[in-house]
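# Model the following, please.
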Amino acid sequence: QVQLVESGGGLVQAGGSLRLSCAASGGTFSGYSMAWFRQAPGKEREFVATISRSAGITSYSDSVKGRFTISRDNAQKLAYLQMNSLKPEDTAVYYCAARWGGVSSSSGGYNYWGQGTQVTVSS
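Now for the predicted structure:
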């Protein structure tokens, strides 16, 4: 099993940038596909980005494509989400998730979740 801890959230002005980190412990990190999801108040959790075990495949939601970049460092057991050109509608709690095997954009496909980190974008 793998445990996940997110960090890097905070308050930023529109147009600004943040980098979220997800630190994994336990398990074989390189065997897990990683993803970021987010949940805004009163809304369902939504897919943001995913990355395959070797980082050869990445996928993004249309709402963040071209602004966000997902990456990973298997040696350090870290996953990242670089967020640029942030908009107020990006305000949400961001969750890191892991699943053994291939990528998925469905939250139901992920077995392991972090506790979340708040991102607030002011206009």
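
# Surely residue 100 and residue 29 touch.
No. Contact criterion Cβ atoms under 8 Å: residue 100 and residue 29 do not qualify, at 10.9 Å. Bear in mind the C-beta positions are built from the backbone N, C-alpha and C, glycine included.

# ok, the two, which is more surrounded?
Ranked by neighbour count (other Cβ atoms under 10 Å), residue 100 and residue 29 place residue 29 first, with 21 against 15.

# ok, now which ones touch that one?
Shown in contact with residue 29 (Cβ atoms under 8 Å, 6 or more residues apart in numbering): 2, 74, 77.

# Let's check: the centremost residue of the protein is which one?
The chain has residue 36 as the residue nearest its centroid, 2.3 Å off, counting by Cα atoms, centre = their mean.

# Buried ones in stretch 94-105, by neighbour count?
Across stretch 94-105, burial judged by 16 or more other Cβ atoms under 10 Å covers 94-99, 103-104.

# from those, which ones fall inside strands?
94-99 (DSSP state E).

# can I get those in JSON lines with distance to residue 58 and pLDDT?
Converted to JSON lines, these look like this (distance: Cβ to Cβ, whole Å; pLDDT from 0 to 100):
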{"residue": "94", "distance to residue 58": "17", "pLDDT": "98"}
{"residue": "95", "distance to residue 58": "18", "pLDDT": "98"}
{"residue": "96", "distance to residue 58": "15", "pLDDT": "98"}
{"residue": "97", "distance to residue 58": "15", "pLDDT": "98"}
{"residue": "98", "distance to residue 58": "15", "pLDDT": "98"}
{"residue": "99", "distance to residue 58": "15", "pLDDT": "97"}
